[in-house]
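I'll drop the sequence and a predicted model, then ask my questions.
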Amino acid sequence: MRLLSFQDEGRIAAGVRIGDQVVPVAALPGFPDDALALIQAGGDTLARLDAAAKAAPASTHKALAVLTLAMPIARPGKVVCIGLNYALHAKEGGNPIPDYPAVFLRVQTSLTGPNQPMLRPKGASEKLDYEAELAIIIGKTARNVPEAQALDHVAGYSLFNDGSVRDYQRKSTQWTMGKNFDRTGAFGPEIVTADELPPGAAPLRITARVGGQTVQDSTTGDMIFSVARCIAILSEVMTLEPGDVIATGTPSGVGYARKPPLFLAPGMVVEIEVEGVGVLRNSIEDDPAF
């Protein structure tokens with residue numbers, strides 16, 4: 001199933017995408033009209049929702065093309081990010097291959113949804129970079145979960161552009177400031193339930209395109225820390241709750257490591273794609289706050 005969120009008369013509504021049509025959850029009796037609440041309700045609810053959406057009459061459908069999509073989960077409880085999770089990306093930045101992942105958090109205001117502009121904070125920096133990432137959506141509470149059981153806690157997967165303001169990222173040994181300028185990252189366009197993908201969403205091709213040019217091209221099978229390993233490591237320290245998002249790191253080809261460097265500027269369009277998951281597309285604009 002493919003679960004998304006969209007703007008509906010000033011509020012965020014949930015929908016199930018079937019091809020180029022969306023079945024609004026509000027048209028399906030007995031289900032909460034909220035993606036986070038649906039995930040919190042558990043796998044049985046999602047399975048029933050999938051069946052109900054497929055059986056819904058055509059009169060309930062909305063064309064995907066006319067909807068304004070929002071982040072699939074409008075306000076995730078936690079957005080946990082894994083750094084340096086592809087060997088070639090670690091090498092291109094002059095970093096050793098880690099035996100324990102770099103971990104940082106992104107706040108909700110640092111993210112925007114699909115087809116919405118990512119913002120370059122021009123007055124502070126012109127070094128906004130792209131990062132193609134697979135996102136894990138937690139479906140069941142995880143606390144100190146063994147790696148062998150970790151995939152049981154996954155509701156599904158989405159796409160993530162871990163947009164990074166590189167000079168601020170390097171102002172200290174902590175990356176938080178460079179990762180949290182408003183609307184510098186993106187999340188979406190939908191959540192693909194785990195049953196639609198290979199276990200652990202690997203191996204799947206992962207790419208980034210800037211202005212139609214492919215700038216990152218790898219496979220999720222090259223992650224140093226697999227989906228299951230990420231969940232096991234994180235849940236040893238923190239409780240992962242339904243609706244939490246884990247961004248699993250980016251492959252090589254990021255802008256700062258290219259020669260000459262490639263940073264994002266107004267007028268550019270960035271597309272993040274993972275095989276079987278979809279395409280996350282965002283334009284770039286300058287932040288009017290600067």
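Nice, thanks for sending it over. Numbering: from 1, shown residues only.

And the helices in the stretch 1-150 of the chain, which stretches?
Under the criterion DSSP state H, counting those that start in this stretch, the stretch 1-150 of the chain contains helices at 35-41, 43-55, 87-92.

What is the first one packed up against?
With contacts defined as 3 or more Cβ pairs under 8 Å, 6 or more residues apart in numbering; DSSP states H and E, the packing partners of helix 35-41 are strand 2-8, helix 43-55. For the C-beta atoms, the positions are set from N, CA and C on the backbone; glycine is no exception.

what's near enough to touch I206?
Contacts of I206 were listed using Cβ atoms under 8 Å, 6 or more residues apart in numbering, and they are 132-134, 216-220, 251, 273-275.

Let me see the ranges of the strands in the stretch 101-250 of the chain.
Assigned by DSSP state E, counting those that start in this stretch, the strands in the stretch 101-250 of the chain fall at 102-105, 111-112, 118-120, 128-129, 132-138, 154-161, 164-165, 185-193, 205-210, 213-219, 245-247.

Buried ones in the first one, by neighbour count?
Looking back up the chat, that one is strand 102-105. Buried positions in strand 102-105, judged by neighbour count with 16 or more other Cβ atoms under 10 Å: 103-104.

Of the contacts of I206 - the most surrounded one?
Using other Cβ atoms under 10 Å as the neighbour criterion, E133 leads those with 30 neighbours.

among the helices of the stretch 1-150 of the chain, which is the most enclosed?
With neighbours defined as mean count of other Cβ atoms under 10 Å, those peak in mean count at helix 35-41, which reaches a mean of 21.

got a list of contacts for that one?
Applying Cβ under 8 Å, 6+ apart, the set of residues contacting helix 35-41 from outside is 3-5, 14, 25, 31-32, 45-46, 49, 72-76, 137, 139, 155, 191, 242-243.

ok, of the residues you listed, which come out buried?
By 16+ other Cβ under 10 Å, the contacts of helix 35-41 give 3-5, 14, 25, 31, 45-46, 49, 72-74, 76, 137, 139, 155, 191, 242-243 as buried.

D20 touches A65, doesn't it?
Yes: here D20 reaches A65: they are 6.9 Å apart, a contact under Cβ atoms under 8 Å.

Pull up the overlap in contacts between those two.
By Cβ under 8 Å, 6+ apart, D20 and A65 have no common neighbours.

for the helices and strands packed on helix 35-41, which one sits closest to L119?
Closest to L119 of the helices and strands packed on helix 35-41 is strand 2-8 (Cβ to Cβ; 18.9 Å).

Could you list every helix and strand in contact with the closest one?
strand 11-18, strand 21-24, helix 35-41, strand 69-70, strand 185-193.

Next, count neighbours for T173.
5.

circling back to that earlier point, TSV please, covering the strands of the stretch 101-250 of the chain and showing mean pLDDT and distance to C230.
Converted to TSV, the strands of the stretch 101-250 of the chain look like this (pLDDT from 0 to 100; distance: least, Cβ to Cβ, whole Å):
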stretch	mean pLDDT	distance to C230
strand 102-105	97	9
strand 111-112	98	19
strand 118-120	98	24
strand 128-129	98	22
strand 132-138	98	7
strand 154-161	98	10
strand 164-165	98	19
strand 185-193	98	17
strand 205-210	98	15
strand 213-219	97	16
strand 245-247	98	6
